[in-house]
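Enquirer: Just need the structure, nothing else, for what follows:
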Amino acid sequence: MPTLTEKLDSRKWNTGDNASVEMVYVLAGTSDDLTAKTLIENSTAETYDGLTRQSINLEPEWVDTASGDGQWLATIRYGVKPPAEVGESSFSFDTGGGTQHITQSISTVSKYAPPGKTAPDFQGAVGVTHDNVEGVDITVPVYNFSETHYIDDGDVNKGAYFALTGKVNNAAWKGFAAGEVLFLGASGSKRGSDDWEITFRFAASPNKTGLTVGKQEIGAVQMPRGNIVSFASLICFPYFRNDFGISFELGFEGKVDIHDQILFRIAKEQCPCKNSVLFHD
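Expert: All right, here's what the predicted structure looks like:
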């Protein structure tokens, strides 16, 4: 079985802005160079003390092809990771649950009352008091993700990023249905004079369909982000929608469509939300 042993003269450091370290190993037990290379790649760390493995130099000290035995000298160099090039991207996500305050239940399982009494019908309202509906806080699935892109200076459109913040997608996008992805905003920093590193942040949450508010069943309309404020038959959607398919292809090519495509009629009744749908009983 092959063995890997680090040499005593290993770990030669160079410090400073272009810090680097070299680690030297002796690999014994194989005559095959590809096997030796694979063993070195799988047996050494990809990073060391904040530095990235940049190269592996592999030299045979002796090889016996008849017996399949041999010994190799391996030098692994770790250095500062080079900056990302324009057009490169990185991604991160977490699926921690979000909190939602609801005043309407998904369904009423059962109603109970003392003997001789009839349980009141609150039409699915949660936490009903003599003068208020208090509701309850629940945990809902939220998928937070971000994309970091490296973009030429001429393709950065800060006005578009500002205009899109607080919008949800108006069509299927990146595997999510319309209304499920909320753009939380962008943050960027300029690298030198030619390009930017910009991180775009999003939160996704499943739509709700087939809800009943009061006596009105809503089956065909998607409930974006779940945050619905209801006033009798007035259903309010907290976010405008935008065509993410155009705006967030993130190649940009210097063109970004920032025109809001509002898919809801505006209710004439007073409502804390600007884009609402009015359902008549």
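
Enquirer: rest of the way, CA atoms for contacts and neighbours
Expert: Fine.

Enquirer: Phi and psi next, for the residue nearest the centre of the chain.
Expert: For the chain, Phe145 is the residue whose C-alpha lies nearest the centre (CA atoms, centre = their mean; 1.3 Å). Dihedral angles of Phe145 (phi, psi; degrees, to the nearest 10) stand at phi -150, psi 160.

Enquirer: same thing with Leu34?
Expert: phi -70, psi -40.

Enquirer: Next: Lys37.
Expert: Given degrees, to the nearest 10, the pair of backbone angles that Lys37 has is phi -60, psi -40.

Enquirer: re earlier: contacts only, for the closest residue to the residue nearest to the centre of the chain other than its chain neighbours.
Expert: Computed as CA to CA, 6 or more residues apart in numbering, the closest residue to Phe145 that is not its neighbour in sequence is Phe93, at 4.0 Å. Shown in contact with Phe93 (CA atoms under 8 Å, 6 or more residues apart in numbering): 143-146.

Enquirer: how close does Phe93 sit to Val86?
Expert: According to CA to CA, to the nearest Å, Phe93 stands 22 Å off from Val86.

Enquirer: can you name the farthest residue from the center of this structure?
Expert: Note on the chain: the largest C-alpha distance from the chain mean falls to Gly116, namely 54.6 Å (CA atoms, centre = their mean).

Enquirer: sorry, back to before: ok, the residue nearest to Phe145 to Glu22 distance?
Expert: Where Glu22 is concerned, Phe93 sits at a distance of 34 Å (CA to CA).

Enquirer: Could you do Pro2 as well?
Expert: Distance from Pro2 to Glu22, by CA to CA: 22 Å.

Enquirer: what does Thr44 give?
Expert: In terms of CA to CA, Thr44 sits 12 Å off from Glu22.

Enquirer: More neighbours: which of these two?
Expert: Comparing Thr44 with Glu22 by other CA atoms under 10 Å, the one with more neighbours is Glu22, at 18 against 14.

Enquirer: residue contacts, the residue nearest to the more buried one when sequence neighbours are not counted?
Expert: Sequence neighbours aside, Arg77 is the residue nearest to Glu22 in space, at 4.5 Å (criterion: CA to CA, 6+ apart). When contacts are counted by CA under 8 Å, 6+ apart, Arg77 touches 20-23, 53-56.
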